[in-house]
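> Model the following, please.
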Amino acid sequence: MSSSDPSLPVEPVEFSVDLTAHEMLRRTHVMAAVGPEWDPVAALRGEEEAYDLLYSGLDDEQQRIYDELVAAGVLPKRGDGRAAA
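Okay, here's the model as predicted:
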């Protein structure tokens, strides 16, 4: 076939796929995988504690970089802004 074949569409053809049913199935599988014992509030609390540990015990240079990233809006300010010892 050549590009001048009159049987080929000239205009783009609309193509759409509704993934709503697939998304609902995916969510069902995710909830089944985490189980009924999953506590989203505890998970978020644990995540915050992990971030606090991540930014604790910084040396002077690390603290300076952290402060610059907070000032630039890249990282949120945690606690009083100083790393815990």
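> alpha carbons only for contacts and neighbour counts from here, please
Fine.
> can you map out the helices along the protein?
Shown for the chain, the helices assigned by DSSP state H span residues 20-34, 40-54, 60-71.
> Asp5: which of the ones you listed is closest?
Among those, helix 20-34 comes nearest to Asp5, with 37.3 Å by Cα to Cα.
> ok now that closest one, how far from the chain's centre?
18 Å (Cα atoms, centre = their mean, to the nearest Å).
> now do stretch 13-32
Offset of stretch 13-32 from its chain centre (Cα atoms, centre = their mean): 19 Å.
> Alpha carbons of that stretch, in CSV - could you do that?
Included here for stretch 13-32 are C-alpha records, laid out as CSV according to Å, rounded to 0.1, in the frame of the first residue of the first chain:
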residue,chain,number,x,y,z
VAL,A,13,-9.5,8.0,14.2
GLU,A,14,-10.9,8.4,17.7
PHE,A,15,-9.8,5.6,20.0
SER,A,16,-10.7,5.4,23.7
VAL,A,17,-10.6,2.7,26.3
ASP,A,18,-12.6,2.8,29.5
LEU,A,19,-10.4,1.3,32.3
THR,A,20,-12.9,1.9,35.1
ALA,A,21,-13.7,-1.8,35.6
HIS,A,22,-10.0,-2.7,35.5
GLU,A,23,-9.2,0.0,38.1
MET,A,24,-11.9,-1.3,40.4
LEU,A,25,-10.4,-4.8,40.1
ARG,A,26,-6.9,-3.5,40.8
ARG,A,27,-8.1,-1.7,43.9
THR,A,28,-9.9,-4.9,45.1
HIS,A,29,-6.7,-6.8,44.6
VAL,A,30,-4.7,-4.2,46.5
MET,A,31,-7.1,-4.2,49.5
ALA,A,32,-7.0,-8.0,49.5
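> ok so, going back, burial-wise, tell me which of the helices of the chain comes out on top.
Of the helices of the chain, the one with the most neighbours on average (mean count of other Cα atoms under 10 Å) is helix 60-71, at a mean of 14.
> which one of the helices of the chain lies closest to Arg78?
Ranking the helices of the chain by distance to Arg78, with Cα to Cα as the measure, places helix 40-54 first at 7.2 Å.
> And the average pLDDT for the closest one is what?
On average, the pLDDT along helix 40-54 is 91.
> Renumber starting at 199 from here on
Fine by me, first position is 199 from now on; the one you just mentioned is helix 238-252.
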